[in-house]
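In: Fold the following.
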Amino acid sequence: MGTRAIKDRALSRRALLRWLQVAAVAPALAGCAAGPYGDSGGPLEPPDALLLDLRPGRPGLLTQELVARIRFTNPNDVDLAVRGVVAELEVDGRHLGRGVGDRAFTLPALGPAEAEVPIDVPTGELVGRILALIERGRFSYRLSGHVVVERGFGRRERLAF
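Out: As a prediction, this is how the structure comes out:
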């Protein structure tokens, strides 16, 4: 009877150790399932984008670079790990240029962040738009594109703006 009591006690210690190991690992696994930045993997709302500034960048013979400074606003309640931006600019209803920004930044939950994106524009197109602007004195524009967001475990998602 004495050896059986020792075995029962040993089994209960092993069971307790297993239970403690599972209890210690479970929160870590739950955290992994949520992904980075608290992202649960559910659908994300696209950010809002506002063109703040457009300035000359590198000049070229056939194309000109314009640098667009864009303010993004995150409507989600989690930070977004932005890995890049693709932007297209239309002026007066016509395509002007397209650019890609590869600088990573964090778009805070329910907050803004700014990014600069170089946009390549054909020289002839830019000259024509400048002449039209001088003639009319005003213009309208439309900014569109998407941000590439890291969702965890190497998974990326495009969110249009």
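
In: alpha carbons only for contacts and neighbour counts from here, please
Out: Fine.

In: Bridged to residue 149, which residues?
Out: Residue 149 has the following beta-bridge partners by DSSP bridges: residue 82, residue 157.

In: Spatially nearest residue to residue 84, not counting backbone neighbours?
Out: Nearest residue to residue 84 in three dimensions, chain neighbours excluded: residue 102, at 4.5 Å (C-alpha to C-alpha, 6 or more residues apart in numbering).

In: ignore the last one, residue 129
Out: residue 91 (8.0 Å).

In: how about that neighbour, phi and psi?
Out: phi -130, psi 130 (degrees, to the nearest 10).

In: pretty sure it is touching residue 138, no?
Out: No: Residue 91 lies out of contact with residue 138 (C-alpha atoms under 8 Å); the separation is 10.5 Å.

In: So which of those two has more stuff around it?
Out: A count of neighbours by other C-alpha atoms under 10 Å puts residue 91 above the other of residue 91 and residue 138, at 14 against 9.

In: if I pick the more buried one, what's in contact with it?
Out: Residue 91 sits next to 129, 139, 140, 141, 142 when contact means C-alpha atoms under 8 Å, 6 or more residues apart in numbering.

In: Which ones among the residues you listed map onto strands?
Out: Residues of these located in strands (DSSP state E): 141, 142.

In: Among the contacts of residue 91, the buried ones, what's the ChimeraX command?
Out: In ChimeraX, a selection of the buried entries from the contacts of residue 91 looks like this (16 or more other C-alpha atoms under 10 Å):
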select :129
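
In: my guess is residue 88 meets residue 141, correct?
Out: No: contact between residue 88 and residue 141 fails when scored by C-alpha under 8 Å: they sit 10.4 Å apart.

In: Quick one: neighbours of the residue nearest to residue 84, just the number.
Out: With other C-alpha under 10 Å as criterion, residue 102 counts 16.

In: hey, where'd the helices end up in this structure?
Out: 2-34, 123-136 (DSSP state H).

In: Kindly provide the distance from the residue nearest the centre of the chain to residue 147.
Out: By C-alpha atoms, centre = their mean, the chain has its centre lying nearest to residue 82, at 2.6 Å. The span separating residue 82 from residue 147 equals 6 Å under the rule C-alpha to C-alpha, to the nearest Å.

In: How about residue 91?
Out: Where residue 147 is concerned, residue 91 sits at a distance of 21 Å (C-alpha to C-alpha).

In: What of residue 99?
Out: Applying C-alpha to C-alpha to residue 99 and residue 147 gives a distance of 12 Å.
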